[in-house]
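Enquirer: sequence first, predicted coordinates after that:
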Amino acid sequence: MDAISKRVSYDIGCMKSLRKLPDKVAIRFMDMMTRYMSDPTANGLNLETVEGAKDNSIKSLRVDQGYRAIAFEVGRDIMFVHVNEHDKAYRWATRRRVKLDPGTNRIRVVEELDATAVEAEAPAPSEPRLFAEIADKRLRALGVPDEEFPAIRTITTIEALEVAEEDFDPLTYQVLYALAAGYSDQEVYALTGVAEEPQTAPETAGEDVSFDQLIETEESRQTIFIPESEAELRRVFEEGLEGWRVFLHPEQRKLAYRDYNGPAMVRGGAGTGKTVVAMHRAKHLADQIKDDPGQAGQRILVTTFTTSLAQDIEANLRTLCPEHLDARPPRIEVTNLDRWVSQFLKRKSFAREVAFFGEARDRLDKTWKEVFDDHAMPEGLSEPFVKAEWAQIVQAKGLTDKRAYLKASRAGRGTPLDRRKRAALWEMFADYRARMISDGLAEPDDAYREAVEILSAEAPSLPYNSVVVDEAQDMGEQAFRLIRAIIPENIAGDRNSLFIVGDAHQRIYGRRASMSSCGIEVRGRSRRLRLNYRTTQEIRAWAVSILEGVSVDDLDEGTDTLKGYVSLLHGAAPDLVRCASEAEELTGLADWIQALPANQIRRSDVGVLCARRTDVKRVEEALRAAGIETVVLRSGAEDRSVPGVRVTTMHRAKGLEFFAVAIPFLSDTAFPPQGALNAAVDAADREDIVILYRSLLHVAATRAKKALRVSWSNTATKLIFP
């Protein structure tokens, strides 16, 4: 066997079976596979025929005395599909075969059972069958292979379907679950990516296409992993395979791995995989740099709003494609936008200190106090209102003279201002700006504008081929103008220039902007993801209900919607718990965590999300007093290998996911926090604050994959029960 001519791949079923085995077996298999990639002919790595198998291409490989790996050997390809104890592995193998399915454009591993034998072991005929009313023709048209019909016809409940998940091909299971949930055929086609054309002559479907051709399709790559190197293979096994790191839904892969003739935008609800697509997009673009010697030294900039999110993305990219981050110079650079502009201006010897936070921000507060002491406040206005007007109108829109401010639209600001009041306010704004400059300070928006001016004046000299933006809903107008300036429109015809993902339903920082007004035109290159891969339908529906009646923009000049946003997974409804006191809430929280099945849920996969930092401390102390190990998440990338329940703020949890999530302290006096509501400058501002907290609760709830506990003391917040 020629090692160079063989291509080794792994079906997702192999990864799933491996996770259930003892660690020593998994380690042994990993070592064998890395050797197998180097030399499939090495001693002890011989594939053997499985006696009695229905498919003569199915083979076995000895892992150790008690365990066997199962693979399909077809031409130059070897695809590993299962690992188990000796007898169980052989029993599994004798019933499976590889199916080349051009109707769905995939390679599928299907179980071929005798209909008579299956029915003999099935529940009594009197029991209703879950799919009794769905004809074979309809199943076939949706992409279900005939071989799986006998097993399908015996299923009585959704619970029985869930138990039998690994008995079915992944696409079949997805179709069956969608049908059981009541989805129409058109919705099933959209969710699975199967073409809306009935499959014909299934018994001859594989005759006109080869394994070698189908394994390269986007649909097959959804469930089949082809490592490009031993290092990549070992990394996947050692890190613990997360589906998104390797396997993408065809719709996601099409968005990440293609060329665009200008800026592109991907929208979608929480859990639809936008960040996953963004990371794969960065990998795809960096791969092109790697393969083109003429692009040596170039890189892809991946940016987002907060430091924590940038660190999480970098950690995940280091798992997905470390070769691009470790290259010198790196082919992918990850940073939040504030940090990028700060470092850029430092290199350009910008004379002022940017007041992102800390002591510099305190000095600006002192400057405002001096301005208010020296100017008469216009009738009916307040200091918080003036600061908000400065931030949301003057700075957000980049207004630098009185005339521009007098003409500027103030849509959404609530309290009206006549020309006289605007003129008086401008005198205060001009004084504040002059004092700020005199004191050597700059606000972030000033820094962004300064960076744009520098970039516009200089010949393009930045080493970036493209910018990938995550969580775009939290970016403001000046941020979008800076992103556009980093990759000017006239560079290389704007091809593959900007790739932006976001969802205004998850806006938790209050910034709004129209991309087109900032020179970023995505019309015609905008797509929406609708399938939630993370959260059960029950949790998703509850989280969406929090936003009922809220109008949401599309990050441009239109409106967005969650219509068609669905989950295929089902589970328990969120646990809504009323308590007599906050002390009772904390006791109940500890009891709930201790009741979670330890053999199914690691403590590091449990998150407790709070609205305030002070609540994080209270939860930490209560859980530790109950003997529950905790990890408080602050800044920095999150490491799930460290044991302990994660306790953090709702804001910090953005971008993370947990098997189980608890959200405490949602009483009407605590959420939204009274301090936030008291800071409202008028009724319109108060409503905006309430909407932000609706979005924050929506984001927190959608971090949960399978279990969600929501609690409050006395009366619940009106955001839950209006």
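Expert: Perfect, I can see it now.

Enquirer: domains of this structure?
Expert: Residue ranges for each domain of the chain read 3-214, 248-347+450-532, 356-442, 574-713, as given by automatic domain parsing.

Enquirer: tell me the mean pLDDT for the shortest one?
Expert: This means domain 356-442. Taken as a whole, domain 356-442 has an average pLDDT of 90.

Enquirer: got it, and the longest one?
Expert: The average of the pLDDT scores along domain 3-214 is 82.

Enquirer: can you check the second one too?
Expert: Regarding domain 248-347+450-532, the rounded mean pLDDT is 89.

Enquirer: what's the first-to-last distance across it?
Expert: 13 Å (CA to CA, to the nearest Å).

Enquirer: what lies in contact with the host helix or strand of residue 179?
Expert: Using DSSP states H and E, residue 179 maps to helix 170-180. With contact meaning CB atoms under 8 Å, 6 or more residues apart in numbering, helix 170-180 is reached by 12-13, 104, 106, 108, 110, 130-131, 134, 139, 142-145, 148, 152, 155, 158, 161, 165, 168, 187-188, 191-192, 194, 222-223, 568-570. Every C-beta, even on glycine, is put in place using the N, C-alpha and C of the backbone.

Enquirer: restricted to helices, list those residues.
Expert: Using DSSP state H, the subset of the contacts of helix 170-180 located in helices is 12-13, 139, 152, 158, 161, 187-188, 191-192.

Enquirer: and the helix holding residue 179, how far from the chain's centre?
Expert: 22 Å (CA atoms, centre = their mean, to the nearest Å).

Enquirer: just the CA atoms of it, as CSV, please.
Expert: Taking Å, rounded to 0.1, in the frame of the first residue of the first chain, the C-alpha atoms of helix 170-180 are listed here in CSV:
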residue,chain,number,x,y,z
PRO,A,170,-27.1,12.2,10.6
LEU,A,171,-29.1,13.6,7.8
THR,A,172,-31.9,11.1,8.3
TYR,A,173,-32.1,11.9,12.0
GLN,A,174,-32.2,15.6,11.2
VAL,A,175,-35.1,15.0,8.7
LEU,A,176,-37.0,12.8,11.2
TYR,A,177,-36.7,15.2,14.0
ALA,A,178,-37.9,18.1,11.9
LEU,A,179,-40.9,16.0,10.7
ALA,A,180,-41.7,15.0,14.3
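
Enquirer: buried ones in it?
Expert: 170-180 (16 or more other CB atoms under 10 Å).

Enquirer: swap in stretch 184-199?
Expert: For stretch 184-199, by 16+ other CB under 10 Å, it's 187-194, 199.

Enquirer: cool, and stretch 76-93?
Expert: So stretch 76-93, judged by 16+ other CB under 10 Å, has buried residues 77-84, 89-90, 92-93.

Enquirer: how far does that stretch stretch from start to finish?
Expert: End residues of stretch 76-93 are separated by 20 Å (CA to CA).

Enquirer: same deal with stretch 261-277?
Expert: Across stretch 261-277, first to last residue, CA to CA, it's 18 Å.

Enquirer: ok so, going back, could I get the domains of the chain as JSON lines with distance to residue 560?
Expert: Converted to JSON lines, the domains of the chain look like this (distance: least, CB to CB, whole Å):
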{"stretch": "domain 3-214", "distance to residue 560": "18"}
{"stretch": "domain 248-347+450-532", "distance to residue 560": "6"}
{"stretch": "domain 356-442", "distance to residue 560": "16"}
{"stretch": "domain 574-713", "distance to residue 560": "12"}
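
Enquirer: these: which one's closest to residue 563?
Expert: With CB to CB as the measure, domain 248-347+450-532 is the member of the domains of the chain nearest residue 563 (8.5 Å).

Enquirer: just how off-centre is that closest one within its chain?
Expert: On CA atoms, centre = their mean, the centre of domain 248-347+450-532 falls 15 Å from that of its chain.

Enquirer: check stretch 433-451 too.
Expert: 35 Å.

Enquirer: got the buried residues for that stretch?
Expert: Those would be 433, 435-436, 439, 441-451, for stretch 433-451 by 16+ other CB under 10 Å.

Enquirer: show only the entries of these found in helices.
Expert: Going by DSSP H, the helices hold 433, 435-436, 444-451 from the buried residues of stretch 433-451.

Enquirer: just the closest of the residues you listed to residue 370, please.
Expert: residue 435 (6.6 Å).

Enquirer: in PyMOL, select just the buried ones from the contacts of helix 170-180.
Expert: To isolate the buried ones among the contacts of helix 170-180 in PyMOL, judged by 16+ other CB under 10 Å, type:
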select buried, resi 12+13+104+106+108+110+130+131+134+139+142+143+144+145+148+152+155+161+168+187+188+191+192+194+222+223+568+569+570
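
Enquirer: returning to what we had before: can you add distance to residue 512 and give the buried residues of stretch 184-199 back as CSV?
Expert: Formatted as CSV, the buried residues of stretch 184-199 follow (distance: CB to CB, whole Å):
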residue, distance to residue 512
187, 32
188, 36
189, 35
190, 30
191, 31
192, 35
193, 33
194, 38
199, 47
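
Enquirer: quickly name whichever of those is closest to residue 333.
Expert: Closest approach to residue 333 among the buried residues of stretch 184-199 (CB to CB): residue 193, at 32.4 Å.

Enquirer: now the closest residue to the closest one other than its chain neighbours. Its backbone dihedrals?
Expert: Leaving aside its sequence neighbours, residue 193 sits nearest to residue 250 (CB to CB, 6 or more residues apart in numbering; 3.9 Å). As for residue 250, its main-chain torsions (degrees, to the nearest 10) stand at phi -50, psi -40.

Enquirer: residue contacts, residue 250?
Expert: Taking CB under 8 Å, 6+ apart as the test, what residue 250 contacts is 193, 218-219, 222.

Enquirer: so can I have CSV of those showing distance to residue 457?
Expert: Below are these laid out as CSV (distance: CB to CB, whole Å):
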residue, distance to residue 457
193, 47
218, 43
219, 48
222, 47
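
Enquirer: which of the residues you listed scores worst on pLDDT?
Expert: residue 193 (72).

Enquirer: right, and it touches residue 219 too?
Expert: Yes. Counting by CB atoms under 8 Å, residue 193 touches residue 219, with 6.4 Å between them.

Enquirer: all helices of the stretch 301-450 of the chain, in order?
Expert: Applying DSSP state H, counting those that start in this stretch to the stretch 301-450 of the chain gives helices spanning 307-320, 322-326, 337-347, 359-374, 383-389, 396-397, 402-407, 419-438, 444-457.

Enquirer: run a quick neighbour tally on the closest residue to residue 702 other than its chain neighbours.
Expert: Closest residue to residue 702 apart from its sequence neighbours, by CB to CB, 6+ apart: residue 270 at 3.6 Å. Residue 270 has 24 neighbouring residues, counting by other CB atoms under 10 Å.

Enquirer: pretty sure residue 270 is in a strand, no?
Expert: No. Applying DSSP: H, G, I helix; E, B strand; the rest coil, one finds residue 270 to be coil, outside a strand.

Enquirer: distance of it relative to residue 695?
Expert: Shown here: residue 270 relative to residue 695, a distance of 10 Å by CB to CB, to the nearest Å.

Enquirer: shared neighbours, the two?
Expert: With CB under 8 Å, 6+ apart as the test, residue 270 and residue 695 both reach 505-506.

Enquirer: show me the contacts for residue 696.
Expert: 508, 611, 650-651.

Enquirer: where's it, which helix or strand?
Expert: Assigned by DSSP H and E, residue 696 falls within helix 683-701.

Enquirer: so the residue lying closest to residue 526 once chain neighbours are set aside: helix, strand or coil?
Expert: Closest residue to residue 526 apart from its sequence neighbours, by CB to CB, 6+ apart: residue 265 at 4.3 Å. Secondary structure for residue 265, judged by three-state DSSP, is strand.

Enquirer: still on that earlier bit, tilt between the helix or strand just after the helix holding residue 696 and helix 683-701?
Expert: Of the helices and strands lying after helix 683-701 in sequence (DSSP H and E), the nearest is strand 704-713. If you take axes from the mean of the first three to the mean of the last three CA atoms, to 10 degrees, strand 704-713 sits at 130 degrees to helix 683-701.

Enquirer: pairing partners for strand 704-713, with directions?
Expert: The strands beside strand 704-713 in its sheet (DSSP bridges) come out as strand 575-579 (parallel), strand 658-663 (parallel).
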